[in-house]
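Participant: How does the following fold in three dimensions:
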Amino acid sequence: MSVKKIKGTWTYDFQYEGKRYRKRGFRTKKDAIQAERELYIDLSKGGQLANDITFIEYFERWIKVNKVDRVSQSTLNRYYSALNVFEEKFGSILIKDVSQLGYREMLKEYAEGMFLGGRKEGRTKESVKKLNNCFSQAFKDALNERLIYKDPTWNAPIYEKKAAMSEKQKYLSLKDYQLLKQTASTKSHLSYLAIYILIATGARFSEVQKLKRVDINKSQNTIHLRGTKTKSADRHVTITSKDMKHIIDTINSKPLHKDGYIFNTGISLITNKAVTTAMRNILAKNELKSDYGLHSLRHTHASMLLGHGFSIQYVSKRLGHANIEITWRVYSHLLDEMKSQEDEMLDSKLSFF
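Facilitator: This is a model prediction of the structure:
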């Protein structure tokens with residue numbers, strides 16, 4: 001292997017297994033030697049760096065092969081959002097040229113609120129972690145294919161600017177929860193019906209969004225939730241007869257669509273943004289805290305059931321969790337509080353024994 005200075009810049013030139021590898025234009029001798037060494041190491045491991053593949057091209061194909069039709073729409077949207085973040089930061093950079101420092105800079109800027117239209121308050125650690133996870137999987141696969149010789153996402157620090165929502169902030173008070181449900185029952189708007197069903201079932205928004213008329217079983221007071229994540233997410237959830245009557249009456253007041261979807265607006269299925277806006281408007285008009293997301297309705301539903309003595313097994317199945325360990329992990333703080341209350345009851349209940 002050799003490195004030479006030609007017309008003011010440095011060039012490496014060597015042969016490997018009968019094939020010549022040559023590249024010019026390096027500013028320093030050190031840069032040329034480093035590039036030559038990296039290419040030689042990669043070739044000796046059976047690969048060759050991708051000299052003409054941009055990361056955007058690779059990531060789009062990677063999403064299509066590994067994620068389309070295999071994950072929920074909300075998860076798929078997260079990958080496409082990640083792609084947009086990367087393109088805003090790096091443009092059409094070659095996959096082999098993505099540096100660890102540049103990648104970390106992108107994560108830091110994302111945490112500070114840059115990209116996707118910007119966010120003044122910044123983003124939480126959880127949001128940055130999800131972004132990093134999207135890229136980490138793809139870069140690891142590229143490394144395995146010998147398209148790159150090192151993973152820029154390795155050991156990436158997860159930055160944050162916006163404080164994560166506390167456990168208490170994830171839940172509505174029972175009083176506010178009841179008021180929201182009662183208000184949602186006063187109008188036949190699709191967004192109000194979606195809020196009502198979310199409260200009555202504890203379902204995910206994507207599950208309610210895709211409800212069809214055939215999923216509503218009036219005789220058994222059940223709603224079939226098709227699930228979006230795991231096989232166990234497909235389930236039939238029992239609701240009260242009062243809730244069923246309101247849901248049936250509201251559905252029957254709406255036009256019937258050929259596809260059978262309850263939340264067909266005539267243009268598309270109702271969006272998370274539309275329902276979230278409706279919920280926040282209801283809360284704001286009643287001078288209540290209004291920065292909740294729709295998932296808060298699911299958390300509040302579960303905490304209400306646990307607080308009323310329903311078993312964790314029942315709650316886990318109702319929520320469509322893949323296993324009970326997930327339910328334990330998500331609601332461990334509530335279960336710990338309940339245990340403390342039960343410990344206090346022990347003396348009075350068993351003092352006679």
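Participant: Next, the contact list for the residue nearest the centre of the chain, please.
Facilitator: Residue closest to the average C-alpha location in the chain (C-alpha atoms, centre = their mean): T75, at 5.1 Å. Residues near T75 by C-beta atoms under 8 Å, 6 or more residues apart in numbering: K67. Every residue, glycine included, has its C-beta placed from N, CA and C.
Participant: Checking it next. Helix, strand or coil?
Facilitator: Secondary structure assignment for T75 (DSSP: H, G, I helix; E, B strand; the rest coil): helix.
Participant: quick one: low-confidence parts of the stretch 251-353 of the chain?
Facilitator: Scanning the stretch 251-353 of the chain for pLDDT under 70 picks out the ranges 332-353.
Participant: quick revisit: before we move on, what's the pLDDT of the residue nearest to the centre of the chain?
Facilitator: T75 is assigned a predicted lDDT (pLDDT) of 89.
Participant: Where do the helices of the stretch 251-353 of the chain begin and end?
Facilitator: With DSSP state H, counting those that start in this stretch, the ranges of helices along the stretch 251-353 of the chain come out as 272-285, 295-307, 312-319, 324-330, 332-350.
Participant: swap that for the stretch 51-200 of the chain, sorry
Facilitator: 55-66, 73-90, 100-111, 125-144, 174-184, 190-201.
Participant: With respect to burial, which of these scores highest?
Facilitator: Of all these, helix 190-201 carries the top mean neighbour count, a mean of 24, counting by mean count of other C-beta atoms under 10 Å.
Participant: Next, the angle from that one to helix 295-307.
Facilitator: Relative orientation of helix 190-201 versus helix 295-307 (axes from the mean of the first three to the mean of the last three C-alpha atoms, to 10 degrees): 30 degrees.
Participant: For helix 190-201, which outside residues touch it?
Facilitator: Applying C-beta under 8 Å, 6+ apart, the external contacts of helix 190-201 come out as 177, 180-181, 183-186, 203, 205, 208-209, 211, 223, 225, 237, 239-240, 243, 246-247, 250-251, 254, 262-263, 265, 270, 274-275, 277-279, 282, 294, 297-298, 300-301, 318.
Participant: the inter-axis angle of that helix versus helix 272-285?
Facilitator: 80 degrees.
Participant: Tabulate the CA atom coordinates of helix 190-201 in PDB.
Facilitator: Output in PDB follows, covering the C-alpha atoms of helix 190-201 (Å, rounded to 0.1, in the frame of the first residue of the first chain):
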ATOM      1  CA  LEU A 190     -67.300  11.500  15.500                       C
ATOM      2  CA  SER A 191     -64.600  13.000  17.700                       C
ATOM      3  CA  TYR A 192     -66.900  13.000  20.700                       C
ATOM      4  CA  LEU A 193     -67.900   9.400  20.000                       C
ATOM      5  CA  ALA A 194     -64.200   8.400  19.800                       C
ATOM      6  CA  ILE A 195     -63.500  10.000  23.200                       C
ATOM      7  CA  TYR A 196     -66.500   8.200  24.700                       C
ATOM      8  CA  ILE A 197     -65.400   4.800  23.400                       C
ATOM      9  CA  LEU A 198     -61.800   5.400  24.500                       C
ATOM     10  CA  ILE A 199     -63.000   6.100  28.000                       C
ATOM     11  CA  ALA A 200     -65.500   3.100  28.000                       C
ATOM     12  CA  THR A 201     -62.900   0.600  26.800                       C
END
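Participant: now for the first helix or strand past it going along the chain, which elements pack on it?
Facilitator: Using DSSP states H and E, the helix or strand that follows helix 190-201 towards the C-terminus is helix 205-209. On a contact count with 3 or more C-beta pairs under 8 Å, 6 or more residues apart in numbering; DSSP states H and E, helix 205-209 meets helix 190-201, helix 272-285.
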